[in-house]
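Participant: okay, sequence plus prediction incoming.
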Amino acid sequence: MTITETTSAACRHFAAKLQFETDPSDVMADREAGRSFMLIDSRGEAAWQQGRAAGAIHLPTAQIADRAREVVPDGTPVVVYCWGPGCNGSTRAALAFSLLGYDVREMIGGFEYWAREGLPVEDDHGPVVRAADPLTAPVNGASCAC
């Protein structure tokens, strides 16, 4: 493979990742910018009750094929998440939505990194306050500039 072929393959690979993946801080930035999408928590009931990204909609992966159309209007972009980087549940959820024709992106890092970055979390009783973990997010409100 030539350098040009390698560069071209790398460009296609990374462009595709950015088309189909997002991360917690970008999801929050998209919300704050008023971009229209639905954030879907694909975990089970016990996990949902334990805590979730504020404003997320609960639709477990096993129910997507049967319930997506009643929960997510056609044409609405979807961002899915599950527990975290050690879990492929969000990949399964993204596949289920894509099989139904939705524009879907997977939130890498999942709920774990959403919470660790200090983004809004809620449970059945209301907001859950968490400080940002300095290993995952700037603690002084500064951008990571990535």
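Facilitator: Thanks, I have it.

Participant: nearest residue to Val78 in space, please, no chain neighbours.
Facilitator: Nearest residue to Val78 in three dimensions, chain neighbours excluded: Val104, at 4.5 Å (Cβ to Cβ, 6 or more residues apart in numbering). Any C-beta I mention is one placed from the backbone N, CA and C, and that applies to glycine too.

Participant: neighbours of that neighbour, how many?
Facilitator: Neighbourhood size, Val104 [other Cβ atoms under 10 Å]: 23.

Participant: correct me, but it touches Tyr81?
Facilitator: No: judged on Cβ atoms under 8 Å, Val104 makes no contact with Tyr81 at a distance of 11.3 Å.

Participant: what's the spacing between the residue nearest to Val78 and Ala47?
Facilitator: Taking Cβ to Cβ, to the nearest Å as the measure, Val104 falls 20 Å from Ala47.

Participant: what residue lies at the spatial centre of this structure?
Facilitator: Nearest to the centroid of the C-alpha atoms of the chain, with distances taken as Cα atoms, centre = their mean, sits Met107, at 2.4 Å.

Participant: confidence score at Leu139?
Facilitator: I think there's a mix-up here, since residue 139 is Val and not Leu. Listed pLDDT for Val139 reads 70.

Participant: same check on Asp133?
Facilitator: In this model, Asp133 is scored at 89, pLDDT.
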